[in-house]
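# For reference, the sequence and a predicted model appear below.
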Amino acid sequence: MANPPMDTSWLTQGPGGGQQGAPSFAVPPNQQQQGAPQPQPPSNQPVANPAQPFYGQPPPQPSAGVPATPDQPQQMANQPTYQQQAPPPPPTPPQPMVASRPPPRAVSALSTAASSTSLNNSSGTRTPPARSAAPSRTTPTPTRRKDGAGIIVANRAADEETEDGRIRNREAAAKIRDAWIYTQIRARRDEFTQYKQGRVFVGTWNVNAKGKDESLAAWLCADWQSHGPPDVVVVGLQEMVDLNAMNVAVEGKSQSRSAFWVERVRATLNSRQNTQGDPTRTYTELAVKYLVGLLVCVFVKAPHKPRVKYVHADSVGVGVMGVMGNKGGVSVRLQFYDSTLCFVCTHLAAHRENVAGRNADFANVLAKTSFEIGKEAVEEVIRLGSMSQWAMGANAVGALDHDLLFWFGDLNYRVDESIPTERVLDLSKANVLDELIEHDQLNVERAQGRAFRGFDEGPLTFRPTYKYQPGTELYEERPDKKLRAPAWCDRILWLAQEPGHVAQLNYTRSELNISDHKPVMSTFLVTVKDVILEKREGVYRDVMKLLDSFENNALPMVSLDRINLDFGEVRYDQRVTLPIVITNTGQVVAQFRLVPKVDEVELCKPWLSVAPTYGMLIPGERMEVELTMEIDNATARRLNAGREVLEDILILRLENGRDYYISVKGSYARSCFGMSVDELVLYTDPIREVPLDPILRAEKYDPNSRAAMCVPKELWRIIDAIYERGLDERDLFTAAGDPDEVYQIRECLDTGAPFDSFGVHSMTEVLTSFLSNLSSPIVPAALFPTLDIDAQNIQMCTRKFLEDMLPVPYNVFIYIISFFREVLLHRERNRLSPAKVARILCNCLVSSPQGTAEESASSSNQRRGNMQLLMLHFLETNSI
C-alpha cells in the first residue's frame with residue numbers, strides 16, 4: 001500500500017508537557033481537507049481561540065455526527081512552544097461514526113413454560129422469547145462513575161472505640177479524605193491540562209489456530225490512506241492454538257505461536273512500504289501478554305515512546321472450572337502522555353444459547369483484572385485526575401480505573417435464537433442487517449444492563465464475521481459441517497470517563513480468509529491529556545491548603561513560644577533552667593506528652609530534665625514546661641573525653657495531632673573537675689583555654705608532648721592556698737564551706753584567676769571534691785591489698801603498693817600524703833586525727849572495690865579497711 005509522504009516538521013516542536021522534542025499527534029498533510037467535518041467541543045465549553053495558549057483550552061469533545069468549528073484544538077501542532085501565535089489550520093479527520101447505544105426494547109412477559117420461539121402466522125417470522133430480568137448466571141457489572149465519584153470499598157481495618165464511646169476507623173477516614181482530594185483536583189483538571197489528539201487502532205481476530213507467513217496489511221493498514229498511520233496499535237487474537245486439553249493444561253505451543261504472530265504484526269507495521277525508511281514512522285513494541293490461545297500486543301509510534309510509562313499486563317482464566325485459559329482475558333494498561341489507557345482482549349463462552357455464560361465471563365474478567373502498578377504510579381494517576389475507582393487502599397488498579405478502556409475480542413455473542421439459522425444465513429448473505437442487529441445478543445444484553453453497562457460500540461455496518469468456510473468468502477453451509485447461524489462474534493467496545501474524548505473514525509472488518517472468523521478493526525480519534533506539572537502542583541497545593549484550613553479547626557493545636565533553646569555556656573555542677581510556654585490555640589482540648597525518639601527509651605539525654613512531661617490544656621489555656629540542664633561529674637567526664645555534646649532534640653506529641661520538635665543545645669565551660677591527673681599535667685594554660693574539640697586541641701598543643709608538671713597545677717594551687725590560710729582552723733576538712741565561695745574557687749582554678757579572700761573551709765571542700773571527681777582515681781581497685789594487713793606484713797604491702805602505682809598518680813599521692821602529714825602537725829587546733837585523715841583519703845583517692853557476685857558485703861568492707869590501714873601507716877610513719 002502506497003503511503004503519502006509524511007510531514008516530520010512537528011518532531012522539532014518545543015515542550016509538550018515538559019518534554020523537549022515530544023511529538024504532537026500528527027495527521028499526514030494530505031488529510032487536512034478544507035471543509036471536512038471535525039469533532040466539536042461541547043456546547044457548554046468555550047471554543048479554543050487560536051491566539052491563546054493551547055493549554056488554556058477545554059478538552060476537545062468529539063461528538064458523533066456534529067461538525068466541528070474551525071477553532072477547535074488541533075491534532076497536529078507545528079508551534080515552537082505552547083505560547084504560540086496563530087497556529088496553522090487544524091487537520092480535519094473523517095466524520096466520526098455514531099456510537100451505538102441500543103435502547104431497551106420491549107419484550108413480552110411470556111411464561112417460562114412457553115416455547116423458546118413463537119411463529120407469527122401472518123408474516124412467517126419468529127419473535128424473540130422473553131428473557132428474565134436477572135439470569136441466574138449473570139453477575140452484575142460495575143457502572144460508569146461520574147466525575148470524581150470514587151467508590152470507597154469496605155475497609156479492612158477494624159473499628160476503634162474510644163473511651164467516650166465514639167467509633168473511629170482510621171483506614172476508612174483516610175480513604176474518604178483521599179476521595180475528596182481526588183474529586184477537587186479532577187474538577188479543576190482543565191486548569192493544569194492541555195489536550196492532544198491521536199489515533200488508536202484496535203484489531204481483533206479469531207485465527208482458528210491458522211496462520212501463514214503473509215502480510216497483515218489488508219487488516220492492520222487498511223485505513224491508513226484515509227486516516228493516516230495510528231499512534232497506538234493494539235492487536236488481539238483468539239485461538240492462536242487449538243483449544244484442546246493438552247494446550248489448555250500445558251503451555252504447549254502458546255509461546256511460540258505468540259512470538260510468531262507478534263513478529264508478523266511488527267513486520268507489517270514496520271514494512272518498508274509503511275516506513276519509507278523514516279525511523280519516526282516505525283513502531284515500538286510496548287507489551288505482549290498471552291494465555292493459551294489469547295494474545296494481546298501493543299505497539300506505539302517510535303516518537304511517542306518517551307511519553308509512555310507504567311506499562312503492565314495481566315491475564316485472567318475463566319474457562320474450565322472457572323480458572324483455565326481456554327476462555328478468559330489478557331490485558332495491557334499504560335500511561336500515554338498523561339492519560340491512562342487499558343486494553344482487554346477476551347474470548348468468552350461459546351454456543352448460541354449460552355448468553356448467561358458470556359455475561360458471567362465478562363463480569364469475572366472485569367472483576368479479576370488487576371495491575372500492580374505501585375504506590376508511586378497510583379499517586380501520580382490520582383494527581384492527574386484520571387482514576388474513577390481508585391480508593392482501594394492498595395497499589396493496584398482495575399480495568400475501570402483508566403481514562404480510556406477498550407474491550408475487544410471474540411465475545412461470542414450471537415443472533416438471538418428467535419431467528420432461525422436459515423433466515424440468519426439468508427439475511428447475512430443478502431447484507432440485510434437491520435433485523436439481525438435488533439436481535440444481536442450483545443445489543444440486547446447491553447440494553448437490559450446485564451453486560452457491558454456503560455460501554456459504547458459503533459454501528460454494525462458490516463456483515464457478520466462468523467462462521468465462514470476457511471479460505472473462502474462463503475458462510476459455512478457444507479453438508480458435512482454443522483450448520484451455524486452467522487453472528488457478530490468479534491466486537492470492539494470502549495468506555496471513557498469523558499465520552500467526548502473518544503470518536504470512532506471507522507468500524508469494519510477485513511476480508512482475510514484463512515480462518516472461520518473475519519478480522520475486525522476500528523480506528524479511534526482519542527483525546528489525551530498533557531499535564532503542566534507546575535500548574536497541577538499549584539492546584540494540589542490550593543486544595544490541600546483549603547483542606548488544612550478546615551481540618552485544623554477539628555484538630556488540637558498548640559503554640560510554643562520557642563522551639564530552639566540555647567542554654568549558653570554551662571559550668572560544672574551548675575543547673576540552668578529555661579521555660580517553654582505551651583498555649584492551646586485550637587478549638588478542642590489538647591493533650592500533649594513528650595515521647596522518646598525512634599529506637600530510644602529515654603525522653604532526653606541524662607544531662608537534661610523536663611517537668612512536667614505531659615499535660616492537658618483546654619482552649620486558650622497556657623502551661624509552662626521547664627527544661628533543666630545540669631553538668632554532673634559523669635557528664636563532665638564524657639564531655640572531656642569527647643564522647644558527649646550538649647545537643648538534643650525533644651519530641652512533644654499532640655494526641656491526635658502533630659509532633660513538635662524542640663532543639664536544645666549548650667556549650668560546656670571546661671573544668672578541671674571530672675578530668676584525670678594524667679591529662680591535667682600536660683597543660684600549663686588554664687584548663688578553660690584548652691579546647692574540648694580534639695582537632696582544635698591538637699592544633700594548639702603537641703599531642704606527643706611530655707608532662708609539663710609533676711602534679712596538676714590546680715592541685716598545687718588549692719593545697720598552697722590552704723597551707724597559707726591556716727592549718728590551725730578548727731574542724732578543718734570536716735566543716736562545710738560556703739556554696740558561693742566553692743563555685744568561685746572552682747572558677748578560679750579553671751580560669752587561672754587569683755583566689756580572693758575565701759574561707760579555708762570552702763578551700764578544703766573544693767580540694768576533696770576535686771580529688772573525688774577525678775575521671776580516674778589516684779588509687780584504682782587493682783591496687784587494693786589482697787591480704788589481711790597486720791603488723792608483720794604491713795611494711796611489705798606499703799612497698800608493693802607504691803611500686804605498682806603509675807608515675808603521675810604516684811607523684812600526686814606522695815604530694816597529698818606529705819600535705820596531710822603537715823596538717824596533722826596542727827591537730828591540737830584543727831582537731832584532726834590520723835584515723836580521720838585516713839578515712840578522708842580513702843573517700844577522695846580510692847575507688848570503690850569491685851567485688852564479684854560471690855563476695856559478701858563483709859569481704860568488700862574488709863578490703864576497704866585494709867586500704868585505710870595502709871593510709872594510716874603512710875601518715876604516721878616515714879615509709880615514703
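Received the coordinates, thanks.
# Show me what the lengthiest helix in the chain is packed up against.
As assigned by DSSP state H, the longest helix anywhere in the chain is helix 533-554. On a contact count with 3 or more CB pairs under 8 Å, 6 or more residues apart in numbering; DSSP states H and E, helix 533-554 meets helix 170-187. C-beta: built from backbone N, CA, C; applies to glycine.
# Summarise which helices and strands the helix it packs on is packed against.
helix 375-383, helix 533-554.
# Deepest-packed of these, please.
Of all those, helix 375-383 has the most neighbours on average by mean count of other CB atoms under 10 Å, namely a mean of 17.
# Just the C-alpha atoms of it, please, in PDB.
Provided in PDB are the C-alpha atoms of helix 375-383 (Å, rounded to 0.1, in the frame of the first residue of the first chain):
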ATOM      1  CA  LYS A 375       2.100   3.300  45.100                       C
ATOM      2  CA  GLU A 376       4.100   6.000  43.100                       C
ATOM      3  CA  ALA A 377       2.100   5.300  39.900                       C
ATOM      4  CA  VAL A 378      -1.200   5.300  41.800                       C
ATOM      5  CA  GLU A 379      -0.500   8.600  43.400                       C
ATOM      6  CA  GLU A 380       0.500  10.100  40.100                       C
ATOM      7  CA  VAL A 381      -2.600   8.900  38.400                       C
ATOM      8  CA  ILE A 382      -4.700  10.400  41.200                       C
ATOM      9  CA  ARG A 383      -3.000  13.700  40.900                       C
END
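# Who are the packing partners of the helix or strand that that helix is followed by?
Of the helices and strands lying after helix 375-383 in sequence (DSSP states H and E), the nearest is strand 396-398. Under the contact definition 3+ CB pairs under 8 Å, 6+ apart, strand 396-398 sits against strand 370-372.
# and the strand it packs on, which residues are buried?
370, 371 (16 or more other CB atoms under 10 Å).
# average model confidence for it?
The average pLDDT for strand 370-372 rounds to 93.
# Parallel or antiparallel, which strands does it pair with?
strand 396-398 (antiparallel) (DSSP bridges).
# what distance separates the partner strand from the centre of its chain?
Offset of strand 396-398 from its chain centre (CA atoms, centre = their mean, to the nearest Å): 16 Å.
# Which positions within it qualify as buried?
Here strand 396-398 shows 396, 397, 398 as buried, counting by 16+ other CB under 10 Å.
# who does the lengthiest strand in the chain pair up with?
Assignment by DSSP state E gives strand 193-206 as the longest strand of the chain. Sheet pairing for strand 193-206, assigned by DSSP bridges, gives strand 232-238 (parallel), strand 520-531 (antiparallel).
# Which of those sits closest to residue 198?
Comparing the strands paired with strand 193-206 against residue 198 with CB to CB, the closest turns out to be strand 520-531 (6.0 Å).
# Okay, angle between the closest one and helix 533-554 too, please.
With axes from the mean of the first three to the mean of the last three CA atoms, to 10 degrees as the basis, strand 520-531 and helix 533-554 are set at 70 degrees to each other.
# Would you mind getting the angle between strand 520-531 and helix 375-383?
90 degrees.
# any idea of the mean pLDDT for strand 520-531?
When pLDDT is averaged along strand 520-531, the result is 96.
# for it, the distance to its chain's centre please.
The chain centre lies 30 Å from the centre of strand 520-531; the measure is CA atoms, centre = their mean.
# How about stretch 291-306?
The answer for stretch 291-306 is 28 Å, by CA atoms, centre = their mean.
# Output the contacting helices and strands for whatever helix or strand comes next after the longest helix of the chain.
Under the assignment DSSP H and E, the closest C-terminal helix or strand after helix 533-554 is strand 558-560. The elements that strand 558-560 packs onto, with contact taken as 3+ CB pairs under 8 Å, 6+ apart, are strand 575-584, strand 659-668.
# Export those to JSON lines and append columns for mean neighbour count and mean pLDDT.
Listed next are the helices and strands packed on strand 558-560 as JSON lines, based on neighbours: other CB atoms under 10 Å; pLDDT from 0 to 100:
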{"stretch": "strand 575-584", "mean neighbour count": "16", "mean pLDDT": "95"}
{"stretch": "strand 659-668", "mean neighbour count": "16", "mean pLDDT": "94"}
